[in-house]
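**Student:** Return a 3D structure for these sequence lines:
(2 chains)
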2 protein chains.
Amino acid sequence: MTQMPASTTRVLLARRPTGAPVPEDFRIVEEPLAPLADGQLRVRGQWLSLDPYMRGRMSDAKSYVKPVEIGGVMCGEVAGEVIESRHSGFAVGDLVGGDMGWQTVATSDGKGLRKLMPGVPPEKQLSVCGMPGVTAWCGLLLIGEPKPGETVVVSGAAGAVGSVVGQIAKLKGCRAVGIAGGADKCRHVVEDLGFDACIDYKAGRLREDLKAATPDGIDVYFDNVGGEILDTVLARMNPFSRLPVCGLISQYNATEAYGLRNFRSVLVNRIKVQGFIVFDFASRYPEAVKELAGWWAAGKLKHFETVAEGIQAAPAAFIGMLRGANTGKQLVKLS
Amino acid sequence: MTQMPASTTRVLLARRPTGAPVPEDFRIVEEPLAPLADGQLRVRGQWLSLDPYMRGRMSDAKSYVKPVEIGGVMCGEVAGEVIESRHSGFAVGDLVGGDMGWQTVATSDGKGLRKLMPGVPPEKQLSVCGMPGVTAWCGLLLIGEPKPGETVVVSGAAGAVGSVVGQIAKLKGCRAVGIAGGADKCRHVVEDLGFDACIDYKAGRLREDLKAATPDGIDVYFDNVGGEILDTVLARMNPFSRLPVCGLISQYNATEAYGLRNFRSVLVNRIKVQGFIVFDFASRYPEAVKELAGWWAAGKLKHFETVAEGIQAAPAAFIGMLRGANTGKQLVKLS
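**Tutor:** Numbers count the residues shown, from 1 in each chain, chains lettered A, B, ... in the order given. Next up is the predicted model:
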């Protein structure tokens, strides 16, 4: 039998970053674990998910949820195993997922925890069959409303959300065009994920390359990045096109906001632009997870990960992800 | 009996403007009228409507309709009387409306012409009960979806569309806040039109004044102007708010587009931003006109006009309107 851990290793927010986060913005501490109270359970984390939205939580700018407090544990989804329980709803050995923060062992009252599905590896339930996959599914299908034959463009195409967006677009009979940073990622997006084309925005010919890759214009643009890429895409949107805004990663580290010049296209082309957060679609979560897991099990939805080893590696992996160092879902293997 | 006119006086597009139009961009000519062919009718114009969208038609930038050709008659809605007809659908004496262009006498094949409603003055059928009113009705009700108790903000509040938007908002139980240029217009918007508040954007305190006028934030922003005002409003939008984009008048004369910095609010507040043109809602036109005419007849919908006298005055009136010189609907009295 596995020995009970006596402590948890946590990553705390040491201070609020200015611009791109640096290692000094985090502090790693080891804390002793108190005995469980009635109604609590303890989870040994197996996988920690790193996601761009966490950059927002490090700032105290007004946003849709409260920021992490200085000295607080960084927020984040963890998949792990219940190793001790005084909670009637969870038993030792259960595999669970939820926002347990950047730490190796979490103590929880069960709120917001869900039991993982059998038959799907825990790390996939943090990615293609979890929050990023559901984000792709909701944004593309419920806001983007793609029709067969239409052209769907997605930025961050090699990332956890973008990679799923393009593959769902293909499953729905659309032309899928990705935007990613670097030739290697673009090759991956086309060859491994099956997109029709992928544009390397770092090559400096975004406007021309986008035009060549979207001969019939763009019907849906799933935006993960904002800024100059959004501005360039706006100019190629078709009449009555849809533009789900999922993220603005290019702006998260920016100290001055990019000024969007092609907003006129929203009027001229009667574009529907809609910001969303996956939690807004909570009622659709089960339906989305079921469909995603079905596609994944049938081999129709590929998914790739970049894995950092151990909780100590989390800050550097997160900093790298904001620069686009990862391909696919960025995970941290906790145990 | 009125004598038949032998000629029509027309305003042509002489050249494409750079920035704000100047009188030299127009040319006024008198053209002899040929005898009617079978299927044609002749209309003596009574009123010409001047609208901001016409600035777009003077440019050859890609837009939702073709531009006016150099040497062509400026486009525009006219209300007038049929004075001669070889068309089975129209008789002498009928009052009709439609895009007959900037001219005193129009020859038409009847396409796109509609008979005016009895009981509503022709000029009202170019404004509150015509295209501008329907634009307000469709954008506010079909895209803005205001609920009682919500706060609706509209720019261009003293204009043909904005004045109707705020009054419908009041009829629907909302708080209506206008944005207009100058103390006189703001007084008019509150005292004559019944808005709850109106902000003078020329006073240089837009951010502070908007905050004071919208203590509960903004649920619907009906945008007629774009640019810096849109940017400032974006920062006060509520979660799940709606933003119909009807016009960008601040940008029509701009040689360089304004760079929108607060786009982040679209994501953070999950705003639905949607561009629209009234023609997109053609199927709702009769319903809208009926409701608007009913409100107007019942005295619930006030409407004001700025009238220029004679076709020769049209270019200067149009140039002035783009600067905001008018209050209410800008019309030209043709006869």
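**Student:** C-alpha from now on. contacts and neighbour counts both.
**Tutor:** OK.
**Student:** partner residues bridging residue A:243?
**Tutor:** residue A:273 (DSSP bridges).
**Student:** what about it, how many residues close to it?
**Tutor:** Neighbourhood size, residue A:243 [other CA atoms under 10 Å in any protein chain shown]: 32.
**Student:** quick one: contacts for it?
**Tutor:** A:143-144, A:220-223, A:271-274 (CA atoms under 8 Å, 6 or more residues apart in numbering or on different chains).
**Student:** swap the cut-off to 10 Å and go again
**Tutor:** A:139-140, A:143-145, A:152-154, A:218-223, A:230, A:234, A:237, A:266, A:271-275, B:272-274 (CA atoms under 10 Å, 6 or more residues apart in numbering or on different chains).
**Student:** Which members of the residues you listed occur in helices, if any?
**Tutor:** Applying DSSP state H to those, the entries found in helices are A:230, A:234, A:266.
**Student:** Let me see the contact set for the last one.
**Tutor:** Meaning residue A:266. A:234-235, A:237-243, A:272-273, B:244-246, B:273-276.
**Student:** make it 7 Å
**Tutor:** When contacts are counted by CA atoms under 7 Å, 6 or more residues apart in numbering or on different chains, residue A:266 touches B:274-275.
**Student:** what does the second one give?
**Tutor:** Residue A:234 sits next to A:262, A:265 when contact means CA under 7 Å, 6+ apart.
**Student:** pLDDT at it, what is it?
**Tutor:** pLDDT recorded at residue A:234 is 98.
**Student:** coming back round to it: looking at the ones in helices among the contacts of residue A:243, which is nearest chain B?
**Tutor:** Nearest to chain B among those, counting by CA to the nearest CA, is residue A:266 at 5.2 Å.
**Student:** Just confirm residue A:156 contacts residue A:162, I think it does.
**Tutor:** Yes. Counting by CA atoms under 7 Å, residue A:162 is a contact partner of residue A:156 at 5.3 Å.
**Student:** Looking at those two, which is more packed in?
**Tutor:** Each of residue A:156 and residue A:162 has its neighbours counted (other CA under 10 Å); residue A:162 has more, 29 against 24.
**Student:** which phi and psi does that one have?
**Tutor:** Per-residue torsions, residue A:162: phi -60, psi -40 (degrees, to the nearest 10).
**Student:** Please list the residues of the stretch 1-150 of chain A that sit near chain B.
**Tutor:** Contact residues, the stretch 1-150 of chain A versus chain B (CA under 7 Å from any CA of the partner chain): A:63-64.
**Student:** Can you list the residue ranges for helices in the stretch 1-150 of chain A?
**Tutor:** Using DSSP state H, counting those that start in this stretch, the helices of the stretch 1-150 of chain A run over A:53-57, A:131-137.
**Student:** Can you lay out the ones you listed as a markdown table showing distance to residue A:192 and mean neighbour count?
**Tutor:** Below are the helices of the stretch 1-150 of chain A laid out as a markdown table (distance: least, CA to CA, whole Å; neighbours: other CA atoms under 10 Å in any protein chain shown):
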| stretch | distance to residue A:192 | mean neighbour count |
| --- | --- | --- |
| helix A:53-57 | 26 | 19 |
| helix A:131-137 | 17 | 26 |
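**Student:** What ranges in chain A fall below the confidence cut-off?
**Tutor:** A:1-2 (pLDDT under 70).
**Student:** what residues go with each domain of it?
**Tutor:** A:7-124+A:304-333, A:131-279 (automatic domain parsing).
**Student:** I'd like to know which of the ones you listed lies nearest to residue B:258.
**Tutor:** When the domains of chain A are compared for distance to residue B:258 using CA to CA, the nearest one is domain A:131-279, at 5.9 Å.
**Student:** Quick one: distance of that closest one to the chain centre.
**Tutor:** 15 Å (CA atoms, centre = their mean, to the nearest Å).
**Student:** What residues of stretch A:196-216 count as buried?
**Tutor:** A:196-201, A:206-207, A:210-211, A:213-214 (16 or more other CA atoms under 10 Å in any protein chain shown).
**Student:** So which residues of the stretch 201-335 of chain A form strands?
**Tutor:** With DSSP state E, counting those that start in this stretch, the ranges of strands along the stretch 201-335 of chain A come out as A:218-222, A:237-245, A:272-275, A:305-309, A:329-333.
**Student:** Make a markdown table from these and add distance to residue A:290 to it.
**Tutor:** Putting these into a markdown table (distance: least, CA to CA, whole Å) gives the following:
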| stretch | distance to residue A:290 |
| --- | --- |
| strand A:218-222 | 22 |
| strand A:237-245 | 22 |
| strand A:272-275 | 24 |
| strand A:305-309 | 21 |
| strand A:329-333 | 20 |
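**Student:** residue contacts, residue A:40?
**Tutor:** Going by CA under 7 Å, 6+ apart, residue A:40 touches A:85-87, A:107-110.
**Student:** same thing but at 10 Å, please
**Tutor:** Contacts for residue A:40 (CA under 10 Å, 6+ apart) come out as A:84-90, A:107-111.
**Student:** By neighbours, which of those residues wins?
**Tutor:** Neighbour-wise, those (other CA under 10 Å) top out at residue A:85, 24 neighbours.
**Student:** and the closest residue to it other than its chain neighbours, how many neighbours?
**Tutor:** Once flanking residues are discounted, residue A:85 sits nearest to residue A:41: 4.1 Å by CA to CA, 6 or more residues apart in numbering or on different chains. The local packing of residue A:41 (other CA under 10 Å) involves 23 other residues.
**Student:** out of the domains of chain A, nearest to residue B:280?
**Tutor:** domain A:131-279 (9.0 Å).
**Student:** Endpoint to endpoint, that closest one covers what distance?
**Tutor:** Using CA to CA, to the nearest Å, the end-to-end distance of domain A:131-279 comes to 9 Å.
**Student:** Can you get me the start-to-end distance on stretch A:186-196?
**Tutor:** Between where stretch A:186-196 begins and where it ends, there is a gap of 11 Å, by CA to CA.
**Student:** which among the buried residues of stretch A:196-216 gets closest to chain B?
**Tutor:** For the buried residues of stretch A:196-216, the nearest to chain B is residue A:211 (15.6 Å; CA to the nearest CA).
**Student:** what's the spacing between the closest one and residue A:205?
**Tutor:** 10 Å.
**Student:** mind checking how far residue A:45 is from residue A:9?
**Tutor:** In terms of CA to CA, residue A:45 sits 11 Å off from residue A:9.
**Student:** Same drill for these two, tell me which one is more crowded.
**Tutor:** Each of residue A:45 and residue A:9 has its neighbours counted (other CA under 10 Å); residue A:45 has more, 28 against 18.
**Student:** Excluding sequence neighbours, find me the nearest residue to that one.
**Tutor:** residue A:80 is the one closest to residue A:45 (CA to CA, 6+ apart), at 4.1 Å.
**Student:** what residues does the stretch 201-335 of chain A put near chain B?
**Tutor:** Residues of the stretch 201-335 of chain A lying close to chain B by CA under 10 Å from any CA of the partner chain are A:226-227, A:231, A:239-240, A:242-248, A:251-252, A:256-277, A:280.
**Student:** could you flag which of those are buried?
**Tutor:** A:226-227, A:231, A:239-240, A:242-248, A:251-252, A:257-277.
**Student:** Counting neighbours, what do you get for residue A:296?
**Tutor:** For residue A:296, using other CA under 10 Å, the count is 17.
**Student:** So what's the residue count around the nearest residue to it once chain neighbours are set aside?
**Tutor:** Leaving aside its chain neighbours, residue A:296 sits nearest to residue A:302 (6.8 Å; criterion: CA to CA, 6+ apart). Using other CA under 10 Å, residue A:302 has 16 other residues around it.
**Student:** I'd say residue A:302 and residue A:158 touch.
**Tutor:** No. In this structure, residue A:302 is not within contact of residue A:158 by CA atoms under 10 Å, at 11.5 Å.
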